[in-house]
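Novice: using only what follows, build the 3D model:
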Amino acid sequence: MNREKEKYKRVALFVDSLVLLTWLTSTFGLIWINFYNNKIANSFFARGNWLLFGLYIVILWVFSKVYKGLKVGTLKTIDLIVSQVLATLCTNIVAYLQISLIARHMLEITPLLLCMLIQTVIIIIWAVISGVIMRNLYPAKNVVMLYGNEHPAMLLAEKMGHRSDKYLVSEMINVSMGLDYITSRLDEFDAVVICDTPNDIRNDILKYCFKHSIRSYLVPKISDIIIRGSDNNELFDTPLLTAKNEGLGIEKRAVKRISDIIMSSIGIIIASPFMLITAIAIKLYDGGPVLYKQVRYTRDKKEFKLLKFRSMVVNAESDGVARLASEKDKRITPVGRVIRKIRFDELPQLFNIFKGDMSVVGPRPERPEIHAQYEKAMPEFSFRLKVKAGLTGNAQVVGKYNTTPYDKLKLDLMYIEKYSIAQDILIILKTIKIIFLPEESTKGIKEGDATPEVTTAAKKKENEK
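Specialist: Numbering: from 1, shown residues only. I've put the predicted structure just below:
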């Protein structure tokens, strides 16, 4: 029954999204007609107005897709509200610049602020009502988890348990039970999660699910991610995939470097007042140094000194042990907690980017000592060094501070294998969202861990064979 209803879910989501976008565009339309249209030299008539509204709804849809503001039933209600409000805010900024260009002077911004306020109320009402409707129409999926290694499977089940509105892991089956037993049980569930299973039985399960139209969630292996980044080779009638495995080509590196210089220059200018305030606050608190320099790795294990605003007490690692910040780390100062929460401690890295040590987007740079621990547990960890380290990256906007190194590696490899300037822009826009929802992304690791779950990564490594 649930599988039958799933066929119409996309239609329901489309109608729901269209209703919201129409309401938000109509609100902008009323503000435009009543406050702005008569302020320009040549007022718009019907066709001009419709063109403006059409452009507005297209831009709104693009930003909504970027911030996933229309993902009813996927995001939590508060995340959905923040995402769509941010998407609408970006759209209104673009619209304000657009209509100011039409008027040939900067127009009064108060009417647009009123528009934003009304739209925020609309978004809140929509998110709450739509959430209730979608949860009733499409309740949590009853899923079975198939696994080979119990530990990572339990971790994934725990994560899925936090989204009980989406998934109900009602049973876990070890693949040692055999393919016949597994396939005989699959029809009892809405979907199957395949977590860390040997390749041979995983392939058989995937083929069975494809044949019988059973929804499958697959935890990818490193090899899967490399294959995803390959190109079709159509020289022969035998299908071939070409995996270049070279990181970024010289032309992509050149374009990325130019964009890094431009974006870091703009970023330094915009962030200068905030950096000044942050520096003063750190100095006034304990009189210690404002900046903190730390050796990190970038492309090809090249070392550089990463700049950060100091968020911990002076000599935080006086014992000589390299460790990440924990959830309630006593070394973090009160000023440090604030700037870490809003990511201001990272702002000096704009100078690292301008210099060429880093890129705006890329894998986060690790300290040599910690990188060595990760690489010892999983040699593939060095794969992420095929590109320059970044201020932000796929692992930062999708993962959390305490995401396991193995999962961070996968997220970084997904970025490297599918690199494009468009993807960089998308990650930058998503990074802005993290500032508004920082709680999970800045959560520390568990007390006492020198690095986050290296043991888990090692166990997961066993299933790469």
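Novice: just the endpoints, please. Distance across stretch 314-330?
Specialist: Start and end residues of stretch 314-330 are separated by 12 Å (CA to CA, to the nearest Å).
Novice: to clarify, my last question referred to stretch 138-155.
Specialist: 25 Å.
Novice: mind jotting down where the strands sit in the stretch 151-300 of the chain?
Specialist: Here the stretch 151-300 of the chain has its strands, by DSSP state E, counting those that start in this stretch, at 167-174, 191-195, 215-218, 231-233, 240-242, 291-297.
Novice: show residues contacting the second one.
Specialist: Contacts made with strand 191-195 from outside it, assessed by CB atoms under 8 Å, 6 or more residues apart in numbering, are listed as 141-149, 152-153, 156, 160, 169, 186, 202, 205-206, 209, 214-219. Glycine gets a C-beta too; all of them are placed from N, C-alpha and C.
Novice: what do you get if the cut-off is 6 Å, keeping everything else the same?
Specialist: With CB atoms under 6 Å, 6 or more residues apart in numbering as the test, strand 191-195 has contacts from 141, 143-147, 153, 156, 186, 202, 215-219.
Novice: direction included, what does it pair up with?
Specialist: The sheet places strand 191-195 alongside strand 141-147 (parallel), strand 215-218 (parallel), with pairing taken from DSSP bridges.
Novice: now the first one
Specialist: Neighbouring strands of strand 167-174 in its sheet, by DSSP bridges, are strand 141-147 (parallel).
Novice: let's see the strand it pairs with as CSV, backbone CA atoms only.
Specialist: Output of strand 141-147 as CSV, limited to C-alpha atoms (Å, rounded to 0.1, in the frame of the first residue of the first chain):
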residue,chain,number,x,y,z
LYS,A,141,9.0,3.9,6.1
ASN,A,142,9.2,0.5,7.6
VAL,A,143,12.8,-0.6,6.6
VAL,A,144,15.0,-3.6,7.1
MET,A,145,18.8,-3.1,7.5
LEU,A,146,21.1,-5.7,5.9
TYR,A,147,24.6,-5.7,7.2
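Novice: show me what counts as buried in it.
Specialist: 141, 143-147 (16 or more other CB atoms under 10 Å).
Novice: over to stretch 169-182?
Specialist: Within stretch 169-182, the residues scored as buried using 16+ other CB under 10 Å are 169, 172-173, 175, 182.
Novice: re the thing from before, farthest-apart pair in the contacts of strand 191-195, please.
Specialist: For these, the farthest-apart pair by CB to CB is Lys141 and Arg202; their separation is 20.3 Å.
Novice: how about low-confidence regions in the stretch 1-150 of the chain?
Specialist: The model of the stretch 1-150 of the chain has pLDDT under 70 over residues 1-5, 41-46.
Novice: ok, what's across the strand from Phe304?
Specialist: Beta-bridge partners for Phe304, by DSSP bridges, are Arg296.
Novice: how confident was the prediction at it?
Specialist: Per-residue pLDDT puts Phe304 at 94.
Novice: for Cys209, which non-adjacent residue is spatially closest?
Specialist: Ser216 (4.6 Å; CB to CB, 6 or more residues apart in numbering).
Novice: that neighbour touches Tyr208, doesn't it?
Specialist: No - Ser216 is beyond contact range of Tyr208, at 9.5 Å (criterion: CB atoms under 6 Å).
Novice: many thanks, we can stop here.
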